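1. sequence first, predicted model second:
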Amino acid sequence: MRRTITFALPLIVIVSLVIIVFGLVQVRFEEERLMEDLKRKAETVTESVSLAAANVLQHKDLAGARRLVTRFQNKKNIQGCALYDKEGRLVAITERFKGWRDGDQQYYRGVLASGQPKDKLGKFRKSYVYSRIIPVEDSRGRPLGMAEMIYDTSYVFARLADFWRNIIITLVLLNLALLALAALILRWLFLPIEKLTLWFKHFQRGETGKPHGIKGGGEIGALASEVEQAALSLQVARKTVAEEAAAKLEKEDIWIESRLRDLVRARLGSGDSSIIVASNREPFIHMLDETTGQVRWAQPASGLVAAIDPIMRACGGTWVAHGSGSGDRQTVNAKDKLGVPPDDPRYILKRVWLAPEEADGFYLGFSNEGLWPLCHITYTRPIFREADWRMYKAVNQKFADSILEELPAENAFVFIQDYHFTLLGRMIKEKRPDATVALFWHIPWPNHEVFSICPYQVEILDGMLGCDLIGFHVQYHCNNFLETANRLLECRIDTEKNSVIRSSKETLVRPFPISIAGVSGPLTARESAETERVRQQYGLAGKIVAVGADRIDYTKGIAERILAVDRFLEKYPEYLGKFVYVQLAVPSRAKIKRYSELLDEIDQLVEKKNAKYATDNWRPIIYLKKYFTPDDLKPFYRAGDLCLVSSLHDGMNLVAKEYVAARSDLAGALILSKFTGAARELNDAVQINPYSIEEFADAIKYACELPPEEKRKRMENLRRQIERNNVYKWAGSIINDLAGLKKE
Ligand code: ADQ
C-alpha cells in the first residue's frame, strides 16, 4: 500500500491542486453572480415599493404603512421592508426584522441628506443581510421619507457550500480512482519488472538455478522469456569459455595477457566479473578543469596501479577504489561505477566516496604517517593518532560494505591491495566466509621489533590473518611477517607450508615478486623520433644522460641521488659539461609535512648544485617536477644511458623494471639500490648502497665507463628476467596458489 501511495502521490497532488484552484475560481464567480442578481432584484423591488410608500407617507397612513410592510412577511425568500418618515424615524417594518438598525439615526439622516439610494451588506442577529434604501419624494420632489428592502443572503452561502461539497466529493472519488489505477500499474507492470531485475541480478552473481516466477503472456511475459533466453546463452557461453581456457592452459607455458585470462576463467570459474580488486588508489582519475569546466582523465603515478591495471585489462572484473578526483562523481553511473580505461573499457571501476576528514585520517594519517614510515626503514618516525586509527577502521568497513555488494553468490575472489586495508580481509570473511580473499603487501614488512611499536599491532595482524593468502614481494618480508605474527599474536606457524594458523584458520604467506607487463619490442620509427625530440628539447644530444623517475617520497632517496651526482662531478671533473642527470618527479602526499619539507629540500638541493657547476650552455641537473603518462616516460628512459634508482627502502621498485623494459636497443645501464625488492632479481644491475654517497658516485662513473659489450650482456640478462617474470606470471602464481587452496 505504501508503495502504491508513493507511486500515485505526485499525480494525486497535481490533480488535487488543479481541482482546488478551479473550485476557488468557480466559487468566486458564483458568489459574484448571486450577489449581482440580488442587487438587481432589490433595485427593482425598492423602486416599486417607493410609489406605494409615497402615498402612505404623504397621508401619514400608519395602517397603510403596516399593510405595505406586512406584504413581505410571507415571501418565500426571507426578506423585509421598512418605511421611514422624513426625519429618518421608523414608521413600519416587516415583523421578522423588528429591531433592525435601532438607533442608527445617523445612517438614515445621511441617506436623507444625500437624496441618493444606498445599499449595504451587514449582519442581523445571526444572518448576513443585504439592504437597499431609497429616499421617497412627493410629485414635486419634496422628501417624504424612505423605503428600505432587506434580504437575508444566507442562501448565497448555502449555495456556495453545496458547490464546495460537490468539489470535495469529486476530488475524493478521483483520488481513489488514481490510487486504484496506480495499484493496477504496479501490480501488472512494475512488480514483474522488479522481480525480473532481482532474478537477473542473482543470475549475474552466479545463482543460476532459481526460476524468475513471472507467469502469463502479454508484453511482460514476453520480456521475461527473452531475458531468460539471453541468460541461458550467457551461462552456456561462460561454461564453454572456462573449458576452452582450461584446455589452452595445459598447452601454453609463456605468461602473456591471454594466458592469465584463461587461467582466471579456468580456475576462478564463474565468468568475466569474478575478480574484485580493492585498493585505495584508483586506476583512473577524472579531474575537473575549473576554467573550462571540462573533465579530463589520467592514470595516477603509482607502482600499484602500474602493476594491477594490465591484469584487470586481461581478466575483466571490478576494481573498488577511493574516488579522489574532482571530476570523479561526474563520470560514474547511479551505482558509482564506470567502464575503464575510459577510451576502451575493459573492466569496471567502482568508486567509494570518502569525506575529507575520512580521507585525511585513513589515508594521510594512519596509512601514510603511521604504517608507511613504520614499514620503510628510513628513520622517519611513524605517527600513530587514535583519531586516525578510528577513521582507518571506519574506512576499511566502508570498503568492506561496498565490496560485499559486488560479490557473486559463488566463487567470490577478492584481491586486496596494500597497507591501507589491513582489516578488510577479516571484515569480508565475517560476512562471506566462503569468499577467497588474498592480500598483497606492496611495501616491505619490517622485523617484529620495529612492528611492535605499533599500538594497534594485534588488530592489524588479526585483520590480515582473516585473508586466505598474504603476498609480499620477497621471501625476506614473508619471514619478517611470520616472525612478527609468532611473537606478537596467539597463533601457530607452520614452517613447512609457510603459513599462520590462528583460531583454526590458516593463512598462507608467500613471496610474489611483482613486475610489469613485459619488455618492449624493437624501436619503431615513431619511438625513435620521440626519443630524439626529448634529446633536442632538453639539450641532451651528445651528452651522457642519467635518468630517474619517482613519486617524490623520502623512501626513494632522491636527495641522496643528487648528492651522489654532485660528488661524481666533483670527484671526476672530466665529466663536467658532458654529463646530465634528468630527474622526473611527481609530487605525492604533499599535505603531509614531511613530504612538503622534502619537496623544498629537493628544490633547494637542485638549485644549489646547478649553481655550483652550471656554465652558459650546460647545467648538470634537469628537474622536471610533474606528472608524466606511462607513454611520456618511455622516451626519457630510452634517452638515458643510465637509470638511477636509489631507494633507501622499497618493496620492489617498478621504475627499475620499466627502464630495462624500454631498452630494446640493449644499451643503457641500471644503477639500483640494494635495499629494493628488485635488487633480489635484477642481479645484473650495478647495485649500490644509497647511504654511501662515495660508493654511489663511483658506481655512476663505473656505469658510464662500462664497455658496450658488457652493457649489452647485462641488459640482455635483465630483460630476460623481466620477460619471464612479468606481472601476468605474478598474478597467475597468486591465482594458482589460491585455487589450490580452495581444493584443499
Ligand atoms: P611506488 O612507491 O609508487 O609503489 P614504484 O614501484 O617505483 O613505487 O612505482 C612508481 C610508479 O610511478 C612507476 O610506475 C613509475 O613509472 C611512475 N612514475 C614515476 N615518476 C613519475 C612521474 N613523474 N610521472 C608519472 N609517473 C611516474 C609501491 C611500492 C613499490 C612497489 C610498487 C608495486 O612502494 O615498492 O614496486 O608499489 O608493488
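-> Structure's in. What do you need? Residues are numbered from 1 along each chain as shown.

2. so which residues on this protein come close to the ligand?
-> 301-304, 306-307, 442-443, 514, 549-551, 584-586, 627-628, 633, 650-655, 658 (CB under 6 Å from any ligand atom). All C-beta atoms are positioned from the backbone trio N, CA, C, and that covers glycine.

3. ok, now with 5 Å
-> 301-304, 306-307, 442, 514, 549, 584, 586, 627-628, 650-655 (CB under 5 Å from any ligand atom).

4. looking at these, which are in helices?
-> 303-304, 306-307, 654-655 (DSSP state H).

5. in terms of secondary structure, what does whichever helix or strand Arg594 is part of contact?
-> In the assignment (DSSP states H and E), Arg594 maps to helix 593-613. Applying 3 or more CB pairs under 8 Å, 6 or more residues apart in numbering; DSSP states H and E, one finds that helix 593-613 contacts strand 544-552, helix 558-571, strand 579-587, strand 621-624.

6. any idea of the pLDDT on the residue in the stretch 201-350 of the chain positioned nearest to the ligand?
-> Nearest to the ligand in the stretch 201-350 of the chain, going by CB to the nearest ligand atom, is Gly303, at a distance of 2.6 Å. Gly303 carries a pLDDT score of 76 in this model.

7. quick check: the gap between it and Lys674.
-> Counting by CB to CB, to the nearest Å, the gap from Gly303 to Lys674 is 18 Å.

8. who has more neighbours, these two?
-> Neighbours were counted for Gly303 and for Lys674 using other CB atoms under 10 Å; Gly303 has more, 21 against 13.

9. the nearest residue to that one once chain neighbours are set aside - how many residues pack around it?
-> In space, and not counting its chain neighbours, Gly303 is closest to Leu654: 4.4 Å by CB to CB, 6 or more residues apart in numbering. Applying other CB under 10 Å, we find 25 residues neighbouring Leu654.

10. how about Ser588?
-> So Ser588, with other CB under 10 Å, has 17 neighbours.

11. name the element Val458 belongs to?
-> Per DSSP H and E: helix 457-464 holds Val458.

12. which elements pack onto that helix?
-> helix 424-431, helix 475-488.

13. can I get those in a markdown table including mean neighbour count and mean pLDDT?
-> Output for the helices and strands packed on helix 457-464, formatted as a markdown table (neighbours: other CB atoms under 10 Å; pLDDT from 0 to 100):
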| stretch | mean neighbour count | mean pLDDT |
| --- | --- | --- |
| helix 424-431 | 21 | 98 |
| helix 475-488 | 19 | 97 |
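
14. kindly reformat those as JSON lines containing distance to Glu709.
-> Converted to JSON lines, those look like this (distance: least, CB to CB, whole Å):
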{"stretch": "helix 424-431", "distance to Glu709": "50"}
{"stretch": "helix 475-488", "distance to Glu709": "33"}
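
15. re earlier: out of the helices and strands packed on helix 593-613, which is closest to Arg594?
-> strand 544-552 (11.0 Å; CB to CB).

16. mind giving me the packing neighbours of that closest one?
-> Using 3+ CB pairs under 8 Å, 6+ apart, strand 544-552 is in contact with helix 558-571, strand 579-587, helix 593-613, helix 630-639, strand 642-645, helix 654-662.

17. what comes up buried for it?
-> 544-552 (16 or more other CB atoms under 10 Å).

18. how about the contacts made by Gly518?
-> Residues near Gly518 by CB atoms under 8 Å, 6 or more residues apart in numbering: 256, 661, 722-723, 726, 728.

19. so what's it scoring on pLDDT?
-> On the pLDDT scale, Gly518 gets 91.

20. and it, how far from Arg720?
-> In terms of CB to CB, Gly518 sits 12 Å off from Arg720.

21. and this protein, what are its domains?
-> Following automatic domain parsing, the chain resolves into domains at 2-158, 205-248, 273-351+408-511, 525-725.

22. in terms of mean pLDDT, which of the ones you listed ranks lowest?
-> domain 205-248 has the lowest average pLDDT among those, namely a mean of 69.

23. may I ask which helix or strand encompasses Leu184?
-> Per DSSP H and E: helix 154-185 holds Leu184.

24. show me what secondary structure element comes after the helix ranked longest in the chain.
-> Once the chain is assigned using DSSP H, the helix that runs over the most residues is helix 2-58. Remark: after helix 2-58, the chain's next helix or strand is helix 62-70, criterion DSSP H and E.

25. what angle do that following helix and helix 2-58 make?
-> Counting by axes from the mean of the first three to the mean of the last three CA atoms, to 10 degrees, helix 62-70 lies at 160 degrees to helix 2-58.

26. and helix 62-70, which residues are buried?
-> Quick answer for helix 62-70 (16+ other CB under 10 Å): 64-66, 68-69.

27. run through the neighbouring helices and strands of that helix.
-> helix 2-58, strand 79-85, strand 90-93.

28. of the ones in helices among the residues of the chain next to the ligand, closest to Ile602?
-> Using CB to CB, these come closest to Ile602 at Val655, 16.4 Å.

29. list the contacts of that closest one.
-> When contacts are taken as CB under 8 Å, 6+ apart, Val655 is in contact with 548-550, 643, 645.

30. which helix or which strand is home to the closest residue to Ala517 other than its chain neighbours?
-> Closest residue in space to Ala517, ignoring its immediate chain neighbours: Pro310 at 4.4 Å, by CB to CB, 6+ apart. Per DSSP H and E: Pro310 is located in helix 303-315.

31. just want the angle from whichever helix or strand comes after that helix to helix 424-431.
-> Scanning forward in sequence from helix 303-315 by DSSP H and E, the next helix or strand is strand 318-322. Counting by the same axes, to 10 degrees, strand 318-322 lies at 120 degrees to helix 424-431.

32. which residues touch strand 318-322?
-> Contacts of strand 318-322 (CB under 8 Å, 6+ apart): 273, 275-283, 308, 312, 337, 340, 347-354, 359, 363, 399, 402-403, 406.

33. re earlier: biggest separation within the buried residues of strand 544-552, which pair?
-> Greatest spatial distance in the buried residues of strand 544-552: Ile544 and Arg551, 25.7 Å, computed using CB to CB.

34. tell me where the stretch 251-400 of the chain has helices.
-> Using DSSP state H, counting those that start in this stretch, the helices of the stretch 251-400 of the chain run over 257-268, 303-315, 356-359, 372-375, 386-406.
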